[in-house]
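Engineer: any chance you could fold what I've pasted below:
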Amino acid sequence: MGMDDDAREYHRQDPPGKIEIATTKPTNTQRDLSLAYSPGVAAPCLDIADEPGDAFQYTAKGNLVGVVSNGSAVLGLGDIGAQASKPVMEGKGVLFKRFADIDVFDIELDLDTADEIVDAVAPMEPTFGGINLEDIKSPECFEIERRLGEQMDIPVFHDDQHGTAIISGAALLNACEIADKELEDLNIVFSGAGASAIATARFYLSLGATKSNITMCDSSGIITTSRSDEINEFKQEFARDVPEGSLADAVAGADVFVGLSVGGIVSQEMVQSMNDNPIIFAMANPDPEITYDDAKSARDDDVIMATGRSDYPNMVNNVLGFPFIFRGALDVRATDINEEMKRAAAMALAELARQDVPDAVVKAYGDQPLQFGPDYVIPKPLDPRVLFEVAPAVAQAAVDSGVARTEIDIESYTETLEARLGKSREMMRIVLNKAKSDPKRVALAEGTDEKMIRAAYQLEEEGIAEPVLLGDEGEITRIADQLGLSFEPEVVDPQAQSLDEYADRLHELRRRKGITRGEAADLVERDTNYLGSVMVEMGDADAMLTGLTHHYPSALRPPLQVIGTAEDANYAAGVYLLTFKNRVVFCADTTVNQNPDADVLAEVTKHTAELARSFNVEPRAAMLSYSNFGSVRNEGTAKIRDAVDQLHSDSTVDFPVDGEMQADTAVVEDIVDSTYDFSDLNGPANVLIFPNLEAGNIVYKLLQRLGGAEAIGPMLVGMDKPIHVLQRGDEVKDIVNLAGVAVVDAQNQ
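Structural biologist: Okay, here's the model as predicted:
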């Protein structure tokens, strides 16, 4: 089955299409329905009648965009009509939702003229927070966007014009830096003179290009002033008083080629005629004006190449723009998407491309290297950081330029954006903000590992912690330079520094456990887990992370031997925080204690509740089993009841805890309220204590893989000093997150 047949099957699977309407409020009871519709709905209606701006509080208007098209210029398909364009417009809605959590109504209009479309769309203003015009042919699209922008008090944005302009503009800013060229000096040639080309040329001028340096070509060649009678007013804007000529004539001596035309019209000879280190954006789809391989092999110097294809580096993809531009505009209730907001989006994208790329993004693109340079001048569409960089930049530009109806605090706004991408981001932001308030020294035991070095860079750059890398300093420096990380991390190199005091201390701690002074010296020199543990024990570091390249038990053994458990603890335990769309649960123990008795279960519950509070979550703990409150009596359920009795009689326990109970009893409030109203739980449990390691490990992985939960952890509780053991193969973000948890632990201690 080919791609076309796959696509047909994808779209016609029941239910047909790609979108649906979902309710966002409860509709389970008669009272719910009375609030949603009659008679309760009257109250917000009357408020909006008195104050129209209240529509943003009471309705979905503030998160709703209309994607409007007549299907007259569908990419790669041409004028296929309104009805045939509907799958494309539904797809646009999918992208809005997937990348920026924006809802969409797609509106296909069987209309041809600018007057008809303007007259149809302008009255829809009460419905939408913004309008995205899509696949409307030139030159009508210019007039439609201009007139709707003048008539409507919400943003109107024609993505075919401005999307390519903004994304390629970001690429151009970075290409200039790499090629060591000034934007104002660039000779820029355009192949194509449609809506996208004209909007892109205008945007490059907004970024700093010089108009007299821009040459635009259409199918007849260079657009010159001598052709004024045969070209429309939009082409005339870029007509030059130069001799007529072909595209090849225009390209000779150019610094930049911008292709928004048709495939295969640029030869290697034309590329060879360009200036040193040329910049080539061949963005015709599906076939670029010249292929990536042909352009790169045409010359010996650096060719910075971008296309509209995903199988080549530097894909100019509009999805990097419109979802996040609208997100920022909607969130400040902007009346327009102006030039300042577009420039802010391009500059934010350009800056993001210069940053270290998360492991998840690298994996999503086949583990190909992604590092700022000729083959990486714009971020990848699946990079979640685009939302946090572009939307705030656009929102702030809207405020600064006077088109916003509300103001925002950028720091708190970024946190709300993170919550849109998942509860785990929201929870980690709480911890990372606490960490930033008082960063602590965190020893990273596997300091020569690339991920540890990248994590150290992020920790230092974002002010989360003061990282200390343990390992060969020369190797660490080499890897950091290779990664393009411009920082000088603190390094403790066992082969280059005296470790006598650490060997002495390890010997003192373990001499009655069979460790000689010589063996202690060998351990701190050879095993950074022992070195890091002693550093933390002696106060030379506040916390330690390890486990990235070790099995969990072997990584945990040194800190347990050197640091041990806290004064009020006899046991350590591993906890995972699982986040769902609207709730979080802490699962313990998932990594350490195989078959805990009642004492262990009680202690682990207290430690986990304390951890929950560090995430600003008030704990409600459930001790889980396969029975409910004595319905099954055996040795396994008895130890859980004993643990509950211990906690109920412990005067230091200031949170609700109960059990033994089945998992659904713990998390479904109606079951407790209707059948077990005597329970101490005053709501669904958010701390789940499992009867053994096997159960805990199985359940958290099932919830993660089948239940759609995002996992943070494992977080080690009960230790005397902050120590956390990573899982083998964790990503950089996991290291950064656990380092943040470790810093907060150290602050609390």
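Engineer: give me the domain ranges for this protein.
Structural biologist: 60-154, 181-317, 320-420, 435-562, 573-718 (automatic domain parsing).
Engineer: which one of those domains lies nearest to D6?
Structural biologist: Closest of those to D6 is domain 60-154, at 13.8 Å (criterion: Cβ to Cβ). Any C-beta I mention is one placed from the backbone N, CA and C, and that applies to glycine too.
Engineer: quick one: the closest one to chain centroid distance?
Structural biologist: A distance of 27 Å separates the centroid of the chain from that of domain 60-154, by Cα atoms, centre = their mean, to the nearest Å.
Engineer: for stretch 260-277, same thing?
Structural biologist: Per Cα atoms, centre = their mean, the centroid offset for stretch 260-277 relative to its chain is 36 Å.
Engineer: return the set of buried residues in that stretch.
Structural biologist: Residues 260-261, 265-267, 270-271, 273-275, 277 are the ones in stretch 260-277 that count as buried (16 or more other Cβ atoms under 10 Å).
Engineer: then stretch 462-469?
Structural biologist: Residues of stretch 462-469 classed as buried by neighbour count (16+ other Cβ under 10 Å): 464-469.
Engineer: of these, just say which sits nearest to A42.
Structural biologist: Ranked by distance to A42 (Cβ to Cβ), those are led by I464 at 49.6 Å.
Engineer: give the contact list for that closest one.
Structural biologist: Counting by Cβ atoms under 8 Å, 6 or more residues apart in numbering, I464 makes contact with 432, 435-436, 439, 458, 736, 739-740, 743.
Engineer: quick one, phi/psi of I723?
Structural biologist: phi -130, psi 130 (degrees, to the nearest 10).
Engineer: ok, D159 touching F322?
Structural biologist: Yes: when contacts are counted by Cβ atoms under 8 Å, D159 is listed as touching F322 (4.8 Å).
Engineer: so between the two, which is more surrounded?
Structural biologist: F322 (27 against 21; other Cβ atoms under 10 Å).
Engineer: state the pLDDT value of the more buried one.
Structural biologist: In this model, F322 is scored at 94, pLDDT.
Engineer: swap in P39?
Structural biologist: On the pLDDT scale, P39 gets 88.
Engineer: that's a helix at it, yeah?
Structural biologist: No: looking at P39 with DSSP: H, G, I helix; E, B strand; the rest coil, it is coil, so not inside a helix.
Engineer: okay, and D294 sits in which element?
Structural biologist: Following DSSP states H and E, one finds D294 within helix 292-297.
Engineer: identify each buried residue in that helix, please.
Structural biologist: In helix 292-297, counting by 16+ other Cβ under 10 Å, buried: 292, 294-296.
Engineer: which other helices and strands contact that helix?
Structural biologist: Using 3 or more Cβ pairs under 8 Å, 6 or more residues apart in numbering; DSSP states H and E as the contact test, the elements touching helix 292-297 are helix 268-272, strand 304-307.
Engineer: skipping adjacent residues, who's closest to D642 in space?
Structural biologist: A598 (3.7 Å; Cβ to Cβ, 6 or more residues apart in numbering).
Engineer: from T406, how far out is that neighbour?
Structural biologist: Per Cβ to Cβ, to the nearest Å, A598 is found 54 Å from T406.
Engineer: now A43
Structural biologist: Distance from A43 to T406, by Cβ to Cβ: 23 Å.
Engineer: more neighbours: these two, which one.
Structural biologist: T406 (14 against 11).
Engineer: can I assume the more buried one sits in a helix?
Structural biologist: No: looking at T406 with three-state DSSP, it is coil, so not inside a helix.
Engineer: does it touch L330 like I think?
Structural biologist: No: using Cβ under 8 Å, T406 makes no contact with L330, being 10.6 Å away.
Engineer: give the contact list for the residue nearest the centre of the chain.
Structural biologist: When Cα atoms, centre = their mean is applied to the chain, the residue found nearest the centroid is P384 (2.1 Å). By Cβ under 8 Å, 6+ apart, the contact list for P384 reads 358, 360-361, 421.
Engineer: neighbour-wise, which of those leads?
Structural biologist: P358 (21 neighbours).
Engineer: could you find the closest non-adjacent residue to that residue?
Structural biologist: K733 (5.9 Å).
Engineer: now do the buried residues in the helix or strand where that neighbour lies.
Structural biologist: Assigned by DSSP H and E, K733 belongs to helix 732-748. Buried residues in helix 732-748, defined by neighbour count with 16+ other Cβ under 10 Å: 732-747.
Engineer: again with stretch 399-418
Structural biologist: For stretch 399-418, by 16+ other Cβ under 10 Å, it's 399, 403-404, 408, 413-415, 417-418.
Engineer: so which of those residues comes closest to E488?
Structural biologist: Using Cβ to Cβ, T414 is the member of these that lies nearest E488, at 27.8 Å.
Engineer: any idea how many residues pack against F487?
Structural biologist: 12.
Engineer: so what's the closest residue to D294 other than its chain neighbours up against?
Structural biologist: Using Cβ to Cβ, 6+ apart and skipping the chain neighbours, the partner closest in space to D294 is Q268 (5.6 Å). Counting by Cβ under 8 Å, 6+ apart, Q268 makes contact with 290, 294-295, 297-298.
Engineer: out of those, which comes closest to D185?
Structural biologist: A295 (21.9 Å).
Engineer: quick check, that closest one in contact with Q272.
Structural biologist: No: contact criterion Cβ under 8 Å: A295 and Q272 do not qualify, at 10.3 Å.
Engineer: just for the protein, where's the confidence low?
Structural biologist: The model of the chain has pLDDT under 70 over residues 1, 367.
Engineer: please enumerate the helices of the stretch 401-550 of the chain.
Structural biologist: 410-420, 423-437, 450-461, 473-482, 500-510, 517-526, 528-538 (DSSP state H, counting those that start in this stretch).
Engineer: what number of residues lie near the nearest residue to M270 once chain neighbours are set aside?
Structural biologist: Distances taken as Cβ to Cβ, 6+ apart place V251 nearest to M270, at 4.8 Å, with adjacent residues excluded. If you count neighbours by other Cβ under 10 Å, V251 ends up with 26.
Engineer: again with E125
Structural biologist: Using other Cβ under 10 Å: E125 sits among 17 other residues.
Engineer: now it, nearest residue through space, not along the chain?
Structural biologist: That would be M152: by Cβ to Cβ, 6+ apart, it lies 5.0 Å from E125.
Engineer: what's near enough to touch the nearest residue to D734 once chain neighbours are set aside?
Structural biologist: Residue nearest to D734 in three dimensions, not counting chain neighbours: L726, with 6.5 Å by Cβ to Cβ, 6+ apart. Listed by Cβ under 8 Å, 6+ apart, the contact set of L726 reads 545-548, 555, 734-735, 738.
Engineer: any idea how far V732 is from L726?
Structural biologist: Distance from L726 to V732, counting by Cβ to Cβ: 11 Å.
Engineer: ok, N616 touching I430?
Structural biologist: Yes: the criterion here is Cβ under 8 Å, and N616 meets it with I430 at 5.2 Å.
Engineer: more neighbours: which of the two?
Structural biologist: Between N616 and I430, counted using other Cβ under 10 Å, the more crowded position is I430 (16 against 10).
Engineer: I figured the more buried one was touching R613, is that so?
Structural biologist: No: look at I430 against R613 with Cβ under 8 Å: they stay out of range, at 11.0 Å.
Engineer: one step back: looking at the buried residues of stretch 399-418, which one is closest to T210?
Structural biologist: Nearest to T210 among the buried residues of stretch 399-418: V403, at 27.6 Å, using Cβ to Cβ.
Engineer: distance of the closest residue to K342 other than its chain neighbours from Y204?
Structural biologist: With sequence-adjacent residues excluded and distances taken as Cβ to Cβ, 6+ apart, K342 is closest to I166, at 5.4 Å. Using Cβ to Cβ, I166 is found at 11 Å from Y204.
Engineer: same question for E411.
Structural biologist: 32 Å.
Engineer: ditto for S498
Structural biologist: Using Cβ to Cβ, which is the criterion applied here, S498 is 58 Å from Y204.
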